[in-house]
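Visitor: The following comprises the amino acid sequence and a computationally predicted model.
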Amino acid sequence: MSGARHRRRPEDAIQRAVFQHLRARAGPGVFAFHPANGGYRKPVEAAIMKGLGVVAGVPDVIVIHAGRCYALEIKAPGGRATPKQLAAIAALREAGAFTAVAEGLDRALAVLGGWGLLRGRVS
């Protein structure tokens, strides 16, 4: 992917790096995924997806470990969560999930490490 594309979608680059760390450093029994419910959809397709259970604002990284749910919203430096993202995060927290919004790769990795989901240190 070109450098110009990374500049237009800096959160994508951070998210890719987060999943590279999860693949390489996740502890045993960690299951992590990205709910692919973002991006533009035609109104008909969006209505179908909503009917199938897609929820707007769900965080970028969902991790299940030892019966617990972790939800991490990734933002580029200077980025802020949208009202829909904040509502989804609040609903997840109310349901018992551990939640965070992380600005930048270093903060995202620190949150995952703090939750005990990553082994070792960043090299």
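Guide: The structure has been received and is ready for your questions.
Visitor: show me what contacts residue 34?
Guide: The neighbours of residue 34, taking C-beta atoms under 8 Å, 6 or more residues apart in numbering as the test, are 15, 19, 60, 61, 62. Bear in mind the C-beta positions are built from the backbone N, C-alpha and C, glycine included.
Visitor: Correct me if wrong: residue 55 contacts residue 87.
Guide: No: assessed by C-beta atoms under 8 Å, residue 55 is found out of contact with residue 87, at 9.3 Å.
Visitor: Please narrow the contacts of residue 34 to those residing in strands.
Guide: 61, 62 (DSSP state E).
Visitor: How many residues are close by residue 116?
Guide: Close neighbours of residue 116, defined as other C-beta atoms under 10 Å, add up to 13.
Visitor: Secondary structure of it: a strand, I assume?
Guide: No: checked against DSSP: H, G, I helix; E, B strand; the rest coil, residue 116 lies outside a strand; its state is coil.
Visitor: ok, it - contacts?
Guide: For residue 116, the contact set (C-beta under 8 Å, 6+ apart) comprises 27, 65.
Visitor: 10 Å - rerun?
Guide: Applying C-beta atoms under 10 Å, 6 or more residues apart in numbering, we find residue 116 in contact with 27, 30, 65, 66, 68, 70.
Visitor: same deal with residue 113?
Guide: Residue 113 is in contact with 21, 25, 119, 120, 121, 122, counting by C-beta under 10 Å, 6+ apart.
Visitor: Verify the contact between the fifth one and residue 24 for me.
Guide: In this case it means residue 121. No: here residue 121 does not reach residue 24: they are 11.8 Å apart, not a contact under C-beta atoms under 10 Å.
Visitor: more neighbours, the two?
Guide: Taking other C-beta under 10 Å, residue 121 and residue 24 do not tie; residue 24 has more neighbours (11 against 8).
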